[in-house]
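>>> I'd like to go over a predicted model; first the sequence, then the structure.
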Amino acid sequence: MKKSALLFVTIGIVLLFTQQIVAQTTEFTYQGRLLIGGLPANGSHDFEFRLFYDVAAGTQLGPTITLTAVQGMLDYAKAT
């Protein structure tokens with residue numbers, strides 16, 4: 001009986017001190033490829049991204065983000 005109680009307490013202490021708390025960050029990352037005819041797009045191709053609370057209500061969150069594709073690649077990372 002004493003051994004099982006000691007084992008239970010030991011496991012509880014180990015679990016208590018090894019628990020990690022991981023919070024979700026506000027970082028946002030987007031990567032994409034732009035293809036024209038199956039090949040990476042070359043030249044200037046401008047994109048605008050907007051984030052809304054609701055499709056029907058139409059309230060925009062934050063600013064409009066403008067990106068330019070470079071050799072078919074889009075890349076954006078923002079920590080707010």
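Arrived safely.
>>> tell me the secondary structure at residue 50.
strand (DSSP: H, G, I helix; E, B strand; the rest coil).
>>> that one against residue 66, yeah?
No: the criterion here is Cβ atoms under 8 Å, and residue 50 misses it with residue 66 at 10.4 Å. The C-beta positions use only the backbone N, C-alpha and C, and glycine is treated the same way.
>>> show me where pLDDT drops low in this protein?
Within the chain, the segments meeting pLDDT under 70 span 1, 18-23, 69-72, 75, 77-80.
>>> tell me which residue is most central in it.
residue 28 (4.6 Å; Cα atoms, centre = their mean).
>>> just list whatever residues bridge to that one.
Beta-bridge pairing for residue 28 (DSSP bridges): residue 78.
>>> burial of residue 65, as a residue count?
14 (other Cβ atoms under 10 Å).
>>> separation between it and residue 12?
According to Cβ to Cβ, to the nearest Å, residue 65 and residue 12 sit 48 Å apart.
>>> same check on residue 52?
47 Å.
>>> ditto for residue 54
From residue 54 to residue 12 the distance is 46 Å (Cβ to Cβ).
>>> and the two? Which one has more around it.
Between residue 54 and residue 12, counted using other Cβ under 10 Å, the more crowded position is residue 12 (10 against 7).
>>> done for today, thanks.
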